[in-house]
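Colleague: Got a predicted model here, sequence first, then my questions.
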Amino acid sequence: MHGALPREFYIDDPAEVARRLLGKVVVRKLGSTLLSGRIVETEAYYGYKDPASRAFKGRKVYNSSMFEEQGRLFIYMVHSYWLLNIVAHPEGKVGAVLLRALEPLEGIPAMKVNRGVEEVRDLMRGPGRLTRALNVINDLNGLDITDVKCPLVIIDNGSDVEKIGESHRIGVTSDLPLKLRFYVEGSRFVSR
DNA sequence: AGGAAGATCTACT
DNA sequence: GTAGATCTTCCTA
């Protein structure tokens, strides 16, 4: 099964969507340049009841996309890096999936320029690194990635993930008693 | 208007 | 393994 993932793909518990996104491919269109990478690491975030979530303290201007339609982008900044999330939750809920690491596929020379590093392994190994590599900033916030006109889409290229690893989320000050980080076991491109 | 926090990264020892 | 850079948003006044 090929092509862009439909909205229904994102209408589910964020942890489920986070698992299902592993192995899918992010395609970033920059004019005539095409950058892409395979998702190898994700994290799930919930709404009001998740102390690590940007939605924990309620709806604000900057986090409003997280409360909206599934399949939209939610981008926000921490420590001078933009982080890339996909809005995902059951109908009527709030949640998102953070993309934490991608395995570079197409457009590697451009990624090296964007990142200022040569080492392919380090191009998108980390949530702040991958947005730099793909030239993602908050002007993409709120865009609908199920729309073919979107300059960033996620497709299924049919590749399967052998085994999914789980751990607690990274870098959060107060985590839930759940393992909400998911990664492709054995991949060299996960952040740790 | 000012200070502090944060889902990070890099460079250094 | 630890320190410092970085910058947007929030909170208090």
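Modeller: Happy to help now that I have it.
Colleague: Am I right that residue A:143 is in contact with residue A:153?
Modeller: No - counting by C-beta atoms under 8 Å, residue A:143 does not reach residue A:153; the two are 9.9 Å apart. Where you see a C-beta, it was placed from the backbone N, CA and C, and this is true even at glycine.
Colleague: Who has more neighbours out of those two?
Modeller: A count of neighbours by other C-beta atoms under 10 Å puts residue A:153 above the other of residue A:143 and residue A:153, at 21 against 18.
Colleague: If that one is in a bridge, with which residues?
Modeller: Per DSSP bridges, the residues bridged to residue A:153 are residue A:27.
Colleague: Now for it: which residues touch it?
Modeller: Shown in contact with residue A:153 (C-beta atoms under 8 Å, 6 or more residues apart in numbering): A:4, A:26, A:27, A:29, A:145, A:146.
Colleague: per-residue confidence for residue A:1?
Modeller: On pLDDT, residue A:1 comes in at 56.
Colleague: Would you mind listing what in chain A touches DNA strand C?
Modeller: With C-beta under 7 Å from any atom of the strand as the criterion, chain A meets DNA strand C at residues A:57, A:60, A:61, A:62, A:63, A:76, A:77, A:79, A:80, A:138.
Colleague: list the buried ones in the longest strand seen in chain A?
Modeller: Counting residues, the longest strand found in chain A (DSSP state E) is strand A:33-45. Buried residues in strand A:33-45, counted by 16 or more other C-beta atoms under 10 Å: A:35, A:36, A:37, A:38, A:39, A:40, A:41, A:42, A:43, A:44, A:45.
Colleague: Which element, helix or strand, includes the residue of chain A found nearest DNA strand C?
Modeller: Nearest to DNA strand C in chain A, going by C-beta to the nearest atom of the strand, is residue A:60, at a distance of 3.1 Å. Assigned by DSSP states H and E, residue A:60 belongs to no helix or strand.
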